[in-house]
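J.: Turn this into a structure:
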Amino acid sequence: MVERGAKKLEVRANGSVARIFREFMAGRLNRSGSALTHESVERWKIDRLLIEEHRISVIDFKTGRVPAGDADIPKGHRAQMQAYAEALQVIFPGREVSAALLYTAAPKLMEVMA
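T.: A predicted model of the protein is given here:
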């Protein structure tokens, strides 16, 4: 349990992903734990949603193996992020939607779509 907490702090302190974890950011609203039900009756939970005036960013945390590159991202992870992006485009019409996966073991943030 202590190791898991230490790992979370390590990930949050990493400069390349630290902005995802800030509680308040100028002009931005953070949401965590939003639920989304996909048409295949899977229930997914958005880990981090950054809402900005012209852009919506959705980030999902993954604890498994870190892909070496974009081509190695599992198809299921890509499909999940695509479903999030499609739903967010309906909810927030006219805003750019980006989706990324944060593999916490590295930590490594991988843009899935922009």
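
J.: mind checking which helix or strand of the protein has the lowest mean pLDDT?
T.: strand 29-31 (a mean of 44; mean pLDDT, DSSP states H and E).

J.: Strands along this structure, start to end?
T.: 29-31, 34-37, 43-46, 48-51, 55-62, 96-103, 108-113 (DSSP state E).

J.: Just give me the lowest mean pLDDT stretch among those.
T.: Least confident of those, judged by mean pLDDT, is strand 29-31 with a mean of 44.

J.: which non-adjacent residue is nearest residue 82?
T.: Nearest residue to residue 82 in three dimensions, chain neighbours excluded: residue 113, at 7.0 Å (CB to CB, 6 or more residues apart in numbering). Yep, even glycine has a C-beta here, placed from its N, CA and C like the rest.

J.: So what's the residue count around that neighbour?
T.: The number of residues packed near residue 113 is 13, by other CB atoms under 10 Å.

J.: now do residue 110
T.: With other CB under 10 Å as criterion, residue 110 counts 19.

J.: again with residue 48
T.: Counted by other CB under 10 Å, the residues lying close to residue 48 total 19.
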